[in-house]
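Asker: sequence and predicted structure are below.
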Amino acid sequence: MFLSSIGAGADVIGAFSSYSESGLTLARVAMAQRDLYWLLTETGGVQAEPAGGLYYRTAARAELPVTGDWVAARVVGEGQAIVEAVLPRRSCLSRRAAGRREDEQVLAANVDTVFLVCGLDGDFNPRRLERYLALAEGSGAQAVVVLNKADVCGALDERVAETAAVARRAEIVTASTVAAGGLGGVRRFVGGGRTVALLGSSGVGKSSIANGLLGEARLATNEVRVSDSRGRHTTVRRELIALPGGGALIDTPGMRELQLWAGAESVDAVFDEITAIAERCRFRDCTHAGEPGCAVAEAVERGEVDEARWASFQKLRAEAAWHETQVDPLAALERKRKWKAIHKQARAFQKGFR
């Protein structure tokens, strides 16, 4: 009953059935710190570590258990268990790990709704929101933009309109953790066995929202700097917490750097008004970088596309393209050959008008 209240639906039970026959226990990862985990089971919490066989079968570190994963565990003592397998993920929030290598860092798994939290103070940043939206687009989770600290915003309607121009298809809700009923919009997405995750930079109020949903000051919070509304890293780990009315919440540390782990399709979906214009380009695979008959370049010149948004699209598209070349070099080589042929055709076309 407890596990069903935090998301163990028919898909999870079905995926676990073969492990159940082997005497394993269904559990959900509440915290993951290196190779130590805190698991939630039907009868309580247990500390666990990965089985040696799990390491052997795992091709990449991103496939090891993370917060939100459903796992098959073998209980080996009072409060102790060994994780034998990770069940298939229905969604996965990932970013590019820090460092020079192209490695995936999974932030949370099996999330139904991801709250992209923005503070309505001096740290409000539409360009940063676009990056978060691209991350959410490729995750399989529903994205909801939460404009927090509505109580301190003197131009709420303008901020909502500015956000709507960026969020496009994602729903927008305003929130306040100090005003009565200030989390009403957020509460519509929790409960019913659903798992929600909070993403955003430090100081936007993620832990305060979590405490409001939990009904208690369970997570530590800190004041932001007055000068720039930036916060310190109060939350230091990703933690899954069962909500009082059912469902689960994953709070995450604030991210000062968010490098994409997403393909061009995710970026295109976030900038759908630009990709719609791109369909009118003369060349089907136009790069919008000087080709003749580029509808996007013409729209930018006429002022139909916001220049800041256009610059952001180019930056994220280039980052996504680089990611794709590192993850799939063979596909990158094929794209290089394709663009070489396109540019050759474009030069031949231009010579025809000289």
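Answerer: Here it is on my side, so go on.
Asker: quick one: residue 58 and residue 64 touch, right?
Answerer: Yes. Look at residue 58 against residue 64 with C-beta atoms under 8 Å: they come within range, at 5.7 Å. (C-beta placed from N, C-alpha, C; glycine too.)
Asker: which of the two has more residues huddled nearby?
Answerer: Applying other C-beta atoms under 10 Å to residue 58 and residue 64 shows that residue 64 carries more neighbours, namely 18 against 14.
Asker: from residue 315, how far out is the more buried one?
Answerer: Using C-beta to C-beta, to the nearest Å, we find residue 64 at a distance of 31 Å from residue 315.
Asker: same question, residue 144
Answerer: 24 Å.
Asker: what's the answer for residue 185, then?
Answerer: 31 Å.
Asker: more neighbours, residue 144 and residue 315?
Answerer: The residue with more neighbours, out of residue 144 and residue 315, is residue 144; 21 against 14, by other C-beta under 10 Å.
Asker: work out for me the element the more buried one sits within.
Answerer: For residue 144, the host element (DSSP states H and E) is strand 142-148.
Asker: where's residue 278 relative to residue 286, distance?
Answerer: Distance, residue 278 to residue 286, using C-beta to C-beta: 7 Å.
Asker: shared neighbours of those two, anything?
Answerer: Here residue 278 and residue 286 share the contacting residues 295-296, scored by C-beta atoms under 8 Å, 6 or more residues apart in numbering.
Asker: what segments of the stretch 201-350 of the chain are strands?
Answerer: With strands called from DSSP state E, counting those that start in this stretch, the stretch 201-350 of the chain shows them at 239-242, 248-251.
Asker: what helix or strand is residue 55 located in?
Answerer: Element membership for residue 55, per DSSP H and E: helix 52-57.
Asker: now residue 137. Nearest residue, chain neighbours left out?
Answerer: Spatial nearest neighbour of residue 137, chain neighbours left out: residue 266 (4.1 Å); criterion: C-beta to C-beta, 6 or more residues apart in numbering.
Asker: likewise for residue 28?
Answerer: residue 40 (4.9 Å).
Asker: checking that neighbour next. Helix, strand or coil?
Answerer: Three-state call for residue 40 (DSSP: H, G, I helix; E, B strand; the rest coil): strand.
Asker: what about it, how many residues nearby?
Answerer: 21.
Asker: swap in residue 5?
Answerer: Residue 5 - counted by other C-beta under 10 Å - has 16 other residues nearby.
Asker: who's in contact with it?
Answerer: So residue 5 contacts 193, 242, 246-247 (C-beta under 8 Å, 6+ apart).
Asker: just the pLDDT for residue 292.
Answerer: Residue 292 is assigned a pLDDT of 89 by the prediction.
Asker: cool, residue 79 as well?
Answerer: pLDDT at residue 79 comes out at 92.
Asker: so the residue nearest to it when sequence neighbours are not counted, which state does it fall into?
Answerer: With C-beta to C-beta, 6+ apart as the criterion, residue 79 has its nearest non-adjacent residue at 5.3 Å, and that residue is residue 46. Taken by three-state DSSP, the conformation at residue 46 corresponds to strand.
Asker: tell me who's in contact with residue 46.
Answerer: Counting by C-beta under 8 Å, 6+ apart, residue 46 has contacts 27, 38-39, 73, 75, 79-81.
Asker: what about those, which one has the most neighbours?
Answerer: Neighbour-wise, these (other C-beta under 10 Å) top out at residue 27, 28 neighbours.
Asker: pretty sure that residue sits in a strand.
Answerer: Yes. Assignment of residue 27 by three-state DSSP places it within a strand.
Asker: rewinding a little: what distance do you get for the residue nearest to residue 137 to residue 51?
Answerer: To residue 51, residue 266 is 34 Å away according to C-beta to C-beta.
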